[in-house]
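J.: sequence first, then the predicted structure:
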Amino acid sequence: MLDQLKVQIRVVRALAVREFQTQQSNLEYGYGWVIFDMILGMAGLLILRLAIKGFNRPGLPPMTFIISGIVPWSMFGQMYGVPISAVQRNQRLLSLPGVTPLDLVIASSLRILGTFALLYVVLMSASCLYEGVPPPRFTFGIVLLFLSFWIFGLSLGFMLMALQKLYTPASKFTSFFLRFSTFFSGVIFIVTLFPGYIWPYLTWNPMLHVEELLHTYWFRAYTTPIGKPSYVIECMVIMAFFGLLLERYCRKRFR
Amino acid sequence: MSIDLRNIERTTVHKGKSFRLFDGLNLHIDDGERVAILGPQKSGKSTLLRLICGTEEPDSGEVSVSSSISWPIPLATFFLANSTIAANGRFIARLRGLEERDFPRQAAESVGLGEFLNVKLGRCPPYAKGRLALALGILPEFDFYQFDGRMLPREKEFQEQGAALLEERLSGHGYILATATPKEAEGRCDVVYVLENGRATGFTDPAAGIDYFNEHYGKKKPGEAASSADAGDGDDNAADEGSGDIDLLAAVVSAIE
């Protein structure tokens, strides 16, 4: 058992290093484009938020607020596509003994986690300096929440993979639903900007809890009225369990 | 240490049609044995190698392997043309837990590619891919080595060096050579299996096995290729990808001339 685990760690490490090396490697300045992509996406949202300035809560620095939520959300957005794309992209590596589809998924997700963690540190540091934001309230909590985006994204990805294998057009609906949920997950608008009577419906969404807690841990001027760490942990465990279960089912059923 | 396949059933889909590739196939290979698996095109040779090394599973039956087994050499599907020979070698070193700094150099030098170590594979001479696929497959330590199609790349200049490398690396190890070309197996194997009708017939006298294969499959009979199917047969060998097309092109050109 321990030997098998050692082999799997070795394989995942080899695949993860390869993932980092090949990211955008067909373009000149390869890895630099990752930052460019992110800045472009963020600029769009910043413009949107500045255009509807009236919805801003006083005391929250606009740029830092956007970056604090959008970078982990973007990672979540990329992560749920990983179980499908990583295997499709690296199908040929499965000819090597010891390499399994799950290894490919883990390696690819580690690449995304590493990239976004780096982006988060760089962009948040720059933004905090520029807007004069004081250090975060609870740094360790931020790290844990950042990791929870990774686990949520991957678990959701496994579920979506199963759904797509059973019903191919499902991707059309899921991508729309997930884009739509950006507006209701606390990425751009904090929950207090929504009327109170819809809170009971919004708070079913675990990602809203994660974003709300993230903003609370970052900014002294904001304390979430709804974010519950226990709810985040419960949802994460359940989703990870069902995600892995469905991955196993799909591997056996659609090999 | 041995390899044991019992009652293997395997169905495959080729051009939308379902074929029974293996129908109760049995195969036993002892430690250190040198085995040739002969079979006509699309008889399931490559699939059989993938079943043995565990990258594919049978529909039913049991694959029992108590030895470490290489991937089918010359596998080149993991190569990155945008990366250097050293970077491609380091990937295998990491995967197998080998020394990352020494292994790529050792691999490149063993097949005469030392001068291209830090050159992107896509910019290396055309023979580099085939040679590198051989080196990266044969240098890591395995109990058994698998060869799909042929043991050495086709280029004439490399035959002597390649044969010496094979002799050095394969001494004391078992290997499995799956091929449709009996000449490849001549003088290299202790046992020959002939794949036909979804089963493997064993010959402890290799010459008898080769004669049997030549007698039945030496000359292509009409409709022979369509009688059995293996969608993946030989398609993993990207190191030799397109070589058949090149041969065909050369034949067409010479015919026109």
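T.: The structure has been received and is ready for your questions.
J.: torsion angles phi and psi at residue A:61?
T.: Per-residue torsions, residue A:61: phi -70, psi 120 (degrees, to the nearest 10).
J.: what's the nearest residue to it if we skip its chain neighbours?
T.: residue A:131 (4.0 Å; CB to CB, 6 or more residues apart in numbering or on different chains). In short, each C-beta sits where N, CA and C put it, glycine included.
J.: and if you look at residue B:103?
T.: Ranked by CB to CB, 6+ apart and with sequence neighbours excluded, the top spatial neighbour of residue B:103 is residue B:93, at 4.0 Å.
J.: which helix or strand contains the one you found?
T.: helix B:85-96 (DSSP states H and E).
J.: how about low-confidence regions in the stretch 101-250 of chain B?
T.: Low-confidence segments of the stretch 101-250 of chain B (pLDDT under 70): B:219-250.
J.: what are the ranges of the strands in it?
T.: B:144-148, B:174-179, B:191-196, B:199-203 (DSSP state E, counting those that start in this stretch).
J.: can you add mean neighbour count and give the ones you listed back as CSV?
T.: Compiled in CSV, the strands of the stretch 101-250 of chain B are given as follows (neighbours: other CB atoms under 10 Å in any protein chain shown):
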stretch, mean neighbour count
strand B:144-148, 26
strand B:174-179, 25
strand B:191-196, 23
strand B:199-203, 17
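J.: of those, which is nearest residue B:5?
T.: strand B:199-203 (8.3 Å; CB to CB).
J.: ok so, going back, number of residues surrounding the residue nearest to residue B:103?
T.: Residue B:93 has 23 neighbours, counted by other CB atoms under 10 Å in any protein chain shown.
J.: so it touches residue B:104, yeah?
T.: Yes - counting by CB atoms under 8 Å, residue B:93 does reach residue B:104; the two are 6.6 Å apart.
J.: the closest residue in space to residue A:206 that isn't next to it in sequence: what's it in contact with?
T.: Excluding its sequence neighbours, the residue lying closest to residue A:206 (CB to CB, 6+ apart) is residue A:235, at 3.8 Å. Contacts for residue A:235 (CB atoms under 8 Å, 6 or more residues apart in numbering or on different chains) come out as A:152, A:206, A:209.
J.: out of those residues, who has the most neighbours?
T.: Counting neighbours by other CB under 10 Å, residue A:209 leads the contacts of residue A:235 with 26 neighbours.
J.: excluding chain neighbours, what is closest to whatever residue of the stretch 51-200 of chain A ends up closest to chain B?
T.: Nearest to chain B in the stretch 51-200 of chain A, going by CB to the nearest CB, is residue A:92, at a distance of 3.7 Å. Excluding the flanking residues, the one nearest residue A:92 by CB to CB, 6+ apart is residue B:77, at 3.7 Å.
J.: now do the phi/psi pair for the one you found.
T.: Residue B:77 adopts backbone torsions of phi -70, psi -20, taken as degrees, to the nearest 10.
J.: ok, it touching residue A:95?
T.: Yes - the criterion here is CB under 8 Å, and residue B:77 meets it with residue A:95 at 5.3 Å.
J.: ok, those two, which is more surrounded?
T.: Using other CB under 10 Å as the criterion, residue B:77 and residue A:95 rank with residue A:95 on top: 23 against 19.
J.: so what's that one up against?
T.: Taking CB under 8 Å, 6+ apart as the test, what residue A:95 contacts is B:50, B:55, B:71, B:72, B:75, B:77, B:78, B:236.
J.: how about those residues in TSV, adding secondary structure?
T.: Shown next, in TSV, are those (DSSP: H, G, I helix; E, B strand; the rest coil):
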residue	secondary structure
B:50	helix
B:55	coil
B:71	strand
B:72	strand
B:75	coil
B:77	coil
B:78	coil
B:236	coil
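J.: and the two most separated of these?
T.: Longest span within the contacts of residue A:95, CB to CB: B:50 and B:78, 14.6 Å.
J.: which non-adjacent residue is nearest residue B:92?
T.: Here the residue nearest residue B:92, using CB to CB, 6+ apart, is residue B:136, at 4.8 Å.
J.: any idea whether the residue nearest to residue A:206 is helix, strand or coil?
T.: helix.
J.: same question, residue A:216
T.: helix.
J.: can you check the pLDDT for it?
T.: Looking at residue A:216, its pLDDT is 94.
J.: is it true that it touches residue A:225?
T.: No - using CB under 8 Å as the test, residue A:216 is too far from residue A:225 to be in contact (9.7 Å).
J.: give me the more crowded residue out of those two.
T.: Shown here are residue A:216 and residue A:225; by other CB under 10 Å, residue A:216 has more neighbours (21 against 13).
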